[in-house]
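Q: dropping the sequence and predicted coords here.
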Amino acid sequence: MQIYRVGGAVRDRLLGRPVSEIDWVVVGATAEQMLEQGFRPVGADFPVFLHPKTGEEYALARTERKSGRGYGGFTFYASPEVTLEEDLIRRDLTVNAMAEDAQGRLIDPYGGQRDLAARLLRHVSPAFAEDPLRVLRVARFAARYAPQGFSVAQPTLDLMRQLSDSGELSALTPERSWKEISRALLEPRPDIFIHVLRDCGALKALLPEVDALFGVPQPAAHHPEIDTGAHVLSVLRQCAEHQQPLTVRWACLLHDVGKGLTPQADWPRHIAHEQRGLAAIRAINERSKAPKDCQELALLVGEYHTHGHRALELKASTLLELLQHFDVYRRPQRFEAFIAACEMDARGRDGLEQSAYPQADYLRGAMQAARSVAVQPLLQQGFKGPELGEALKRERLKALKLYKNSAKTP
């Protein structure tokens with residue numbers, strides 16, 4: 001029995017990056033031998049075991065053969081006769097197909113170290129094109145390692161395009177797709193993830209509503225970058241630079257999909273794109289099986305982001321309606337996420353990345369003014385039921401009017 005450290009742990013150590021988790025491959029062993037040594041089985045499709053003390057994953061060396069469509073369409077074969085090289089060749093990228101033995105010696109049969117030096121994400125073998133999930137994985141790795149100068153090798157991009165054109169992406173379950181999309185959006189360059197998907201034709205298959213934004217112009221006075229798709233990429237980059245959470249990044253990705261539905265005759269203006277995009281955002285949310293908090297914020301940002309930009313001009317009654325829609329009395333953090341998404345949207349424009357966004361503090365102040373209205377005095381006055389609700393609204397409106405007047409005073 002020989003045990004090797006494999007995959008991401010080897011890659012990241014060579015890159016000088018922190019190693020968060022370690023995967024191990026066991027060559028020359030049977031499942032029975034692993035059980036005898038106290039390992040606990042966890043793999044349903046192939047033999048994977050948890051170490052009795054560390055809890056790390058140890059997988060028996062295995063080969064795989066395409067047997068159906070999609071990510072799960074493979075037959076695996078694990079046996080003591082399977083070599084380390086046979087196990088490594090089934091992996092996606094050369095930089096993920098390296099191993100280290102117990103003495104720390106590198107085993108690199110497919111040129112992973114060479115591609116690390118060249119800053120290339122390159123497939124290990126033509127079998128890469130058998131697994132559609134790898135399109136998303138490679139785009140995610142591109143998003144992670146772009147700050148270190150990595151790009152996708154052209155032959156690999158060609159295989160990704162072949163996979164996209166084959167229709168195999170439709171065989172991915174929403175859960176598998178969402179896992180990759182959500183992880184990619186949290187990488188240092190989520191804009192690169194979308195860019196790579198578009199380059200290989202996968203964005204059109206997975207998120208056609210977002211793909212449709214590229215080539216759609218906006219008024220240059222408000223959007224110097226003009227192209228709506230380019231704007232969305234810039235907004236995602238701002239999200240990463242400001243370390244926004246997944247909910248905000250998902251909302252920012254979808255906030256302008258309504259512009260892709262504007263009739264060409266109306267370009268570059270996009271009147272009522274907020275309302276026009278809501279059905280598309282709902283469709284994407286449902287199709288992707290995004291978590292509820294991501295879905296809710298995406299819809300709210302899609303509908304109200306221009307309210308955020310115009311916050312200083314809004315009447316007190318409109319401000320109150322906005323706050324009510326967000327239920328700021330019970331869920332203030334959701335409104336904070338909305339403010340963050342609006343600010344990322346404003347900064348995601350050419351030359352305006354460092355510009356001030358006074359709307360953010362103004363909206364926070366408005367929320368605080370409305371939330372500061374106490375219920376107890378109204379109860380003491382005898383208000384209850386629907387009348388209490390109306391009385392609360394009147395008092396909150398008064399508070400917002402006072403806030404607006406005070407905000408104008410230097």
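A: Structure received.

Q: for the stretch 151-300 of the chain, which segments count as strands?
A: 151-152 (DSSP state E, counting those that start in this stretch).

Q: does Leu322 sit in a helix, a strand or a coil?
A: The three-state assignment at Leu322 reads helix, by DSSP: H, G, I helix; E, B strand; the rest coil.

Q: next, count neighbours for it.
A: The local packing of Leu322 (other Cβ atoms under 10 Å) involves 22 other residues. The way it works is simple: take the backbone N, C-alpha and C, and place the C-beta from them, glycine included.

Q: for the closest residue to His222 other than its chain neighbours, give its distance to Tyr145.
A: Ranked by Cβ to Cβ, 6 or more residues apart in numbering and with sequence neighbours excluded, the top spatial neighbour of His222 is Arg349, at 7.7 Å. Separation of Arg349 from Tyr145 (Cβ to Cβ, to the nearest Å): 27 Å.

Q: and for Pro263?
A: From Pro263 to Tyr145 the distance is 40 Å (Cβ to Cβ).

Q: what sits against the nearest residue to Ser125 once chain neighbours are set aside?
A: Spatial nearest neighbour of Ser125, chain neighbours left out: Ile89 (5.5 Å); criterion: Cβ to Cβ, 6+ apart. Taking Cβ atoms under 8 Å, 6 or more residues apart in numbering, we find Ile89 in contact with Ala97, Pro109, Tyr110, Val124, Ser125, Ala127.

Q: among those, who's most crowded?
A: Ala97 (28 neighbours).

Q: what sits against it?
A: Ala97 touches Gly7, Leu88, Ile89, Arg91, Asp108, Pro109, Tyr110, Gly112, Val124, counting by Cβ under 8 Å, 6+ apart.

Q: check what pLDDT the fifth one gets.
A: You'll see Asp108 listed with a pLDDT of 97.

Q: now the nearest residue to it once chain neighbours are set aside, what are its backbone angles?
A: Nearest residue to Asp108, sequence neighbours excluded (Cβ to Cβ, 6+ apart): Met98, at 4.8 Å. Per-residue torsions, Met98: phi -110, psi 160 (degrees, to the nearest 10).

Q: hang on, isn't Met98 packed against Val10?
A: Yes: counting by Cβ atoms under 8 Å, Val10 is a contact partner of Met98 at 4.5 Å.

Q: neighbour count: those two, which is higher?
A: Met98 (28 against 25).

Q: ok so, going back, in helices only, show me the contacts of Ala97.
A: Those of those mapping onto helices are Leu88, Ile89, Gly112, per DSSP state H.

Q: wait, Lys404 sits on Ser317?
A: No: if you go by Cβ under 8 Å, Lys404 and Ser317 don't touch, sitting 10.6 Å apart.

Q: looking at these two, which is more packed in?
A: Counted by other Cβ under 10 Å, Lys404 and Ser317 do not tie: Lys404 has more neighbours, with 18 against 12.

Q: doesn't the more buried one belong to a helix?
A: Yes: counting by three-state DSSP, Lys404 is part of a helix.

Q: backbone dihedrals for the spatially closest residue to it that is not a sequence neighbour, both of them.
A: With Cβ to Cβ, 6+ apart as the criterion, Lys404 has its nearest non-adjacent residue at 5.5 Å, and that residue is Ala316. When quoted as degrees, to the nearest 10, the phi and psi of Ala316 stand at phi -60, psi -40.

Q: so Ala316 touches Ser406, yeah?
A: No: assessed by Cβ under 8 Å, Ala316 is found out of contact with Ser406, at 12.0 Å.

Q: just the buried positions in stretch 222-234, please.
A: Within stretch 222-234, the residues that qualify as buried are His223, Glu225, Asp227, Thr228, Gly229, Ala230, His231, Val232, Leu233, Ser234, counting by 16 or more other Cβ atoms under 10 Å.
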